[in-house]
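**Q** quick one: sequence and predicted model below, then my questions.
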Amino acid sequence: MTMPHDMTQGAAPGLVIAAPRSSSGKTTLTLGLLRAFARGGVKVRGLKCGPDYIDPAFHAVAAGRSSLNLDAWAMDPALLATLAAAAGEGAELTLCEGLMGLFDGVPAPEGRSGSSVDVAAAVGWPVLLVLDVSGQSQSAGAIVQGCLTYDSRISIAGVILNKVGSERHRRLVTEAIARTGVPVLGAIPRDATVTLPERHLGLVQAGETAGLEVILERMADLVEAHVDLAAIRAAARAPSVSATPAGLALKPPGQRVALARDVAFSFVYAHHLEGWRRAGAQIVPFSPLLDEAPADECDVCWLPGGYPELHAERLSNAQGFLGGLRAFAQTRPVHGECGGYMTLGASITDAAGCEWPMAGLLDVKTSFATRKMNLGYRDVMLSQDCCLGGRGERLRGHEFHYATIIDRGADEPLAMAQDAYGSAPAPSGSRRGLVSGTFFHVVARAGEGGADDDE
């Protein structure tokens, strides 16, 4: 996604929407703001701190534009700045939803912990702080003061109060926060009608959420009634961009990429797809659930993550897809991430304990009946050449799944991986012939657009 430096001039101003802790209302506020601005005629785009797939899909529906991820652990500051500037092309405002608490991340040198504050500092966006004030009043002022002074790299543009119980409650909290000098730009009352459904990996996907448009309209109505939209837009700032634009987070795996794309295979980073297109690659989607095979004119096939375990029987019976995938793999590379990796394997056992045959292009057998949460960043060195890169190349990514490997089989591992806490490198993924798969999702190459090699 390399761009000339002068293309970053006039990039859309933005804000990072963060909170002192999880479950404070960041997603509700972000979606409400995106839809409220969009229906008011503002060209707004959503972004997400960290490696989350679910929230960006909701951002895209709310704003009518795709949402990008900005990850301060996997991406170096130059790549973050480049992506932030690219996100603002054709937009008038960018709103970046934070993850967990504002300062929460993994052990790392300053600026590389993966926290929301690291993204705000790297890009130069102010923070809009969401504060769940249920169960407190004047103490909210102390929390804002702490956030204001904890990290001098960032500024807090304003506070949105959430779960306000009454007018008296709002007044007490607002008066306490006024002592910090940070303005309160909105106060949202408790409202249980705007929640989103959840599932084992987080929220149900946007494309599967019944009545999503109604929910988004309610969120926008709630935000418009209780938040100063003009003040929020005025508080946004243009990104501070590196003088040396970064390269691609991940090189295109081929010139024409057959991409599995439906509710079973939906977890693919938009910054990869946009970067590949900028580099001249063509993305050709197909739907395994509709029994479609990868297009024969493509030179590589990519199976993203998703929820194949929820559609295992249907995938197992999709003989057009499976047969076409096997034929494709005889002459061209095929790669699967997480759910795609499971589908390339010998079988998937669903939650009911039924084992369903899959493509059999790799030996691995996985099970969703035997569940164990695997979550965290992965620092990876490729053990073999594949469409992700050459042997010895380092990648940074993320793993989040409940499925377990019940039989790894005889395939050679694709990589050696360790977590962000200094675990010993361990074999990861599988490789057989032109077929490769991993449970980790690649966010960026290390060293070139990703983490520094000497870190």
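**A** Good, I have the coordinates.
**Q** every contact and neighbour count from this point should use C-alpha atoms.
**A** Will do.
**Q** neighbours around Ala91, how many?
**A** Number of residues near Ala91 (other Cα atoms under 10 Å) recorded here: 16.
**Q** quick check: the gap between the spatially most central residue of the chain and Gly181.
**A** Closest residue to the average C-alpha location of the chain: Asp52 at 2.9 Å, with Cα atoms, centre = their mean. Per Cα to Cα, to the nearest Å, Asp52 is found 33 Å from Gly181.
**Q** all strands for the stretch 251-400 of the chain, in order.
**A** 256-260, 282-286, 300-303, 334-337, 347-349, 355-357, 365-367, 374-382, 394-401 (DSSP state E, counting those that start in this stretch).
**Q** avg pLDDT for the third one?
**A** The predicted model assigns strand 300-303 a mean pLDDT of 98.
**Q** next one: that strand to chain centre, how far?
**A** 20 Å (Cα atoms, centre = their mean, to the nearest Å).
**Q** equivalent analysis for the second one, please.
**A** The gap between where strand 282-286 is centred and where its chain is centred comes out at 21 Å by Cα atoms, centre = their mean.
**Q** then the longest one?
**A** Computed by Cα atoms, centre = their mean, the chain-centroid distance of strand 374-382 equals 15 Å.
**Q** ditto for the fourth one
**A** In terms of Cα atoms, centre = their mean, the centre of strand 334-337 is set 18 Å apart from its chain centre.
**Q** just the fifth one next, same as before
**A** On the basis of Cα atoms, centre = their mean, strand 347-349 sits 26 Å off its chain's mean C-alpha point.
**Q** again, but for the last one
**A** Computed by Cα atoms, centre = their mean, the chain-centroid distance of strand 394-401 equals 12 Å.
**Q** and stretch 72-92, by the same measure?
**A** Distance, stretch centre to chain centre, for stretch 72-92: 14 Å (Cα atoms, centre = their mean).
**Q** stretch 284-296: which residues count as buried?
**A** By neighbour count on 16 or more other Cα atoms under 10 Å, the buried set for stretch 284-296 is Val284, Pro285, Phe286, Ser287, Pro288, Leu289, Asp291, Glu292, Ala293, Pro294, Ala295.
**Q** ugh, wrong one, stretch 339-356
**A** Going by neighbour count (16+ other Cα under 10 Å), the buried part of stretch 339-356 is 339-351, 355-356.
**Q** repeat that for stretch 106-126.
**A** Applying 16+ other Cα under 10 Å to stretch 106-126 flags 106, 111-126 as buried.
**Q** same thing with stretch 385-400?
**A** For stretch 385-400, the neighbour count (16+ other Cα under 10 Å) marks 385-389, 393-400 as buried.
**Q** and of the buried residues of stretch 284-296, the nearest to Ala57?
**A** Pro285 (17.0 Å; Cα to Cα).
**Q** Asn374 versus the residue nearest to the centre of the chain, what's the distance?
**A** 14 Å.
**Q** now swap in Trp356 and tell me
**A** 22 Å.
**Q** beta-bridge partners for Ala187, please?
**A** Judged by DSSP bridges, the bridge partners of Ala187 are Leu161.
**Q** farthest pair within the buried residues of stretch 339-356?
**A** Leu344 and Ala351 (18.7 Å).
**Q** give the closest residue to His59 in space, chain neighbours not counted.
**A** Among residues not flanking His59 along the chain, Gly46 sits closest, at 5.5 Å (Cα to Cα, 6 or more residues apart in numbering).
**Q** what lies in contact with whichever strand or helix holds the one you found?
**A** If you go by DSSP states H and E, Gly46 is part of strand 44-49. Strand 44-49 has contacts (Cα atoms under 8 Å, 6 or more residues apart in numbering) with 30, 34, 37-38, 55-56, 59-60, 63, 65-72, 87-88, 91-99, 114-116, 119.
**Q** what subset of these is buried?
**A** By 16+ other Cα under 10 Å, these give 30, 34, 37-38, 55-56, 59-60, 63, 65-72, 87-88, 91-99, 114-116, 119 as buried.
**Q** looking at these, which are in strands?
**A** Among these, the members falling in strands (DSSP state E) are Leu68, Asn69, Leu70, Leu93, Thr94, Leu95, Cys96, Glu97.
**Q** contacting residues around Ile188?
**A** Applying Cα under 8 Å, 6+ apart, the residues contacting Ile188 are Ile160, Leu161, Asn162, Lys163, Val164, Leu222, Val223, His226, Val227.
**Q** list buried residues within these.
**A** Looks like those have Ile160, Leu161, Asn162, Lys163, Val164, Leu222, Val223, His226, Val227 buried, using 16+ other Cα under 10 Å.
**Q** in this protein, what secondary structure element scores lowest on mean pLDDT?
**A** None of the helices or strands of the chain scores lower by mean pLDDT, DSSP states H and E than strand 198-199, at a mean of 42.
**Q** contact partners for the residue lying closest to Leu47 once chain neighbours are set aside?
**A** Nearest non-adjacent residue to Leu47, counting by Cα to Cα, 6+ apart: Cys96, 4.3 Å away. Residues near Cys96 by Cα under 8 Å, 6+ apart: Gly14, Leu15, Val16, Ile17, Gly46, Leu47, Lys48, Cys49.
**Q** please apply the same query to Leu68.
**A** Gly46, Leu47, Lys48, Pro56, Leu83, Ala87, Tyr269, Ala270, His271.
**Q** the third one and Gly320, how far apart?
**A** When Cα to Cα is the yardstick, Lys48 and Gly320 sit 36 Å from each other.
**Q** got it, and the fourth one?
**A** Counting by Cα to Cα, the gap between Pro56 and Gly320 amounts to 31 Å.
**Q** please apply the same query to the fifth one.
**A** Between Leu83 and Gly320 the distance, using Cα to Cα, works out to 38 Å.
**Q** neighbour count winner among those two?
**A** Shown here are Leu83 and Gly320; by other Cα under 10 Å, Leu83 has more neighbours (26 against 16).
**Q** doesn't Leu70 make contact with the more buried one?
**A** Yes - between Leu83 and Leu70 there is a contact at 7.5 Å, judged by Cα atoms under 8 Å.
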